[in-house]
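Colleague: let me see the structure of the following:
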Amino acid sequence: MAGNKEKFTFDARDYQLSFLRDMMQQYGIKDEGKALRILLDYAVQDGDLDQIFSKKNMRCIACGGVV
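Modeller: Sure, this is the predicted structure:
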């Protein structure tokens, strides 16, 4: 998708960054930002938002709790 990009920062856990970096390597993606944009574009266009954001799927892998 073409368009303007805005810079922002966010907090991520080590396993989340590890996932992004693994996907970068596996799929030849140039940086973490691009990997995250790919995930976001998928969610926007094809994701089942009710499933993605349902309370039962909002969980914290790090603490084992539900958000």
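
Colleague: how near is His34 to Lys5?
Modeller: His isn't right for residue 34; it's Lys. Distance, Lys34 to Lys5, using Cβ to Cβ, to the nearest Å: 10 Å. From N, CA and C alone the C-beta is placed, and that goes for glycine too.

Colleague: neighbour count for the two, which is higher?
Modeller: Neighbours per residue (other Cβ atoms under 10 Å) separate Lys34 from Lys5, with Lys34 holding more: 14 against 7.

Colleague: ok, and that one, which helix or strand is that part of?
Modeller: In the assignment (DSSP states H and E), Lys34 maps to helix 32-45.

Colleague: likewise Lys7?
Modeller: Taking DSSP H and E as the definition, one finds Lys7 inside no helix or strand.

Colleague: who's in contact with the helix or strand bottoming out on mean pLDDT in the chain?
Modeller: Sorting the helices and strands of the chain by mean pLDDT, DSSP states H and E puts helix 49-52 at the bottom, at a mean of 90. By Cβ atoms under 8 Å, 6 or more residues apart in numbering, the surrounding residues in contact with helix 49-52 are Ala43, Asn57.

Colleague: where does pLDDT dip in the protein?
Modeller: Within the chain, the segments meeting pLDDT under 70 span 1, 65-67.

Colleague: distance between stretch 54-67 and the chain's centre?
Modeller: Remark: stretch 54-67 is offset 15 Å from the chain centroid, using Cα atoms, centre = their mean, to the nearest Å.

Colleague: quick one: buried residues of it?
Modeller: Residues of stretch 54-67 classed as buried by neighbour count (16 or more other Cβ atoms under 10 Å): none.

Colleague: okay, that stretch in CSV with CA atoms only?
Modeller: Taking C-alpha atoms only, stretch 54-67 is exported to CSV below (Å, rounded to 0.1, in the frame of the first residue of the first chain):
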residue,chain,number,x,y,z
SER,A,54,-12.6,-10.6,21.3
LYS,A,55,-12.0,-10.6,25.1
LYS,A,56,-11.2,-14.3,24.9
ASN,A,57,-8.3,-13.6,22.5
MET,A,58,-6.9,-10.6,24.3
ARG,A,59,-4.3,-12.2,26.5
CYS,A,60,-0.8,-11.5,27.8
ILE,A,61,1.6,-14.3,26.9
ALA,A,62,4.2,-12.8,29.2
CYS,A,63,2.0,-13.0,32.4
GLY,A,64,-0.5,-15.6,31.3
GLY,A,65,-3.4,-13.3,32.1
VAL,A,66,-6.3,-11.8,30.1
VAL,A,67,-6.1,-8.2,29.2
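
Colleague: brilliant, that's me finished.
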